[in-house]
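> Structural data only, the sequence is not supplied:
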């Protein structure tokens, strides 16, 4: 396990909000993960650093990071992938492409670790990680036992799961069942998805992805248009003019800048629509 003191977290959150922590831990295998949780009761767990908002400039808590580490991917003969929690989903999608396997094209440009994707049932355009998931290996912090759970028992919902509701269960790895297909066709679908996403999303600025869950019967982007909130700014943070569902860091934004925008959006949406917008991103 690699350990760093007074660690800079700016490059470990996709908003690029400036923040530090007292100590950061980078596990390299399952035993490292188990050892960390056996010795730390108060902690912060980070995956890819997307879909989170740092609310503070400094954290006393120990931070465990799955980002470019604990990321092995292996393939069995029956097109079953075994993936460690720190693997980035675009790397998993590329691995699948290299082996002519379909089922992960939608993740070619989704910024998430495998662990994060399972916890929030990540996906887009009607496809989700649950569609290919077989089972998950996890550490139960109640009894510190390593356990496995089948997809049918994970209670997947839209951007939600058993693991989202039970934060004392830590994803260690997952198995995904894919299917053989034509490699060129897989790549074409991946590039089409990427092109379409880049055309709609503010990739030119640091952001954490979609900020709010889509309320039933509405689209967040359309709501922002109706309220005239595109371009609304607090400090260095702004609602993207390209897509109203995103907040961007355009000028050294702080976490509080982002949270202030969220509070104002929620206030106006409730006032006009009586909808309590649910924040998709995790505030730390």
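Sure thing, it's come through. This structure is a prediction, so every number in the text was calculated from the model and none was measured.

> Poorly predicted segments of the chain, please.
Counting by pLDDT under 70, the chain contains no low-confidence residues.

> Count the residues that sit near residue 63.
When counting by other C-beta atoms under 10 Å, one arrives at 23 neighbours for residue 63. Bear in mind the C-beta positions are built from the backbone N, C-alpha and C, glycine included.

> any idea how far the helix or strand containing it is from the chain center?
According to DSSP states H and E, residue 63 maps onto strand 62-65. Between the mean C-alpha point of strand 62-65 and the mean C-alpha point of its chain there is a distance of 16 Å (C-alpha atoms, centre = their mean, to the nearest Å).

> Then stretch 115-134?
In terms of C-alpha atoms, centre = their mean, the centre of stretch 115-134 is found 10 Å from the chain centre.

> who's in contact with that stretch?
47-48, 50-51, 66, 80, 85-86, 89, 103-104, 106-107, 110, 112, 136, 150-151, 154, 156-161, 163-164, 171-172, 174-178, 193, 197, 280 (C-beta atoms under 8 Å, 6 or more residues apart in numbering).

> Name the residues of that stretch that come out as buried.
Within stretch 115-134, the residues that qualify as buried by neighbour count (16 or more other C-beta atoms under 10 Å) are 115-123, 127-133.

> now stretch 270-281
By neighbour count with 16+ other C-beta under 10 Å, stretch 270-281 contains the buried residues 275, 277, 280, 281.

> which two of the buried residues of stretch 115-134 lie the greatest distance from each other?
Comparing all pairs in the buried residues of stretch 115-134 by C-beta to C-beta, the longest separation belongs to 115 and 127, at 18.7 Å.

> Domain boundaries for this protein, per the record?
Dividing the chain into domains by automatic domain parsing, as the record does, gives the ranges 2-65, 73-199, 220-283.

> how far does the longest one stretch from start to finish?
Counting by C-alpha to C-alpha, to the nearest Å, the length from the leading to the trailing residue of domain 73-199 is 30 Å.

> now it: how far from the chain's centre is it?
When C-alpha coordinates are averaged (C-alpha atoms, centre = their mean), domain 73-199 and its chain have centres 11 Å apart.
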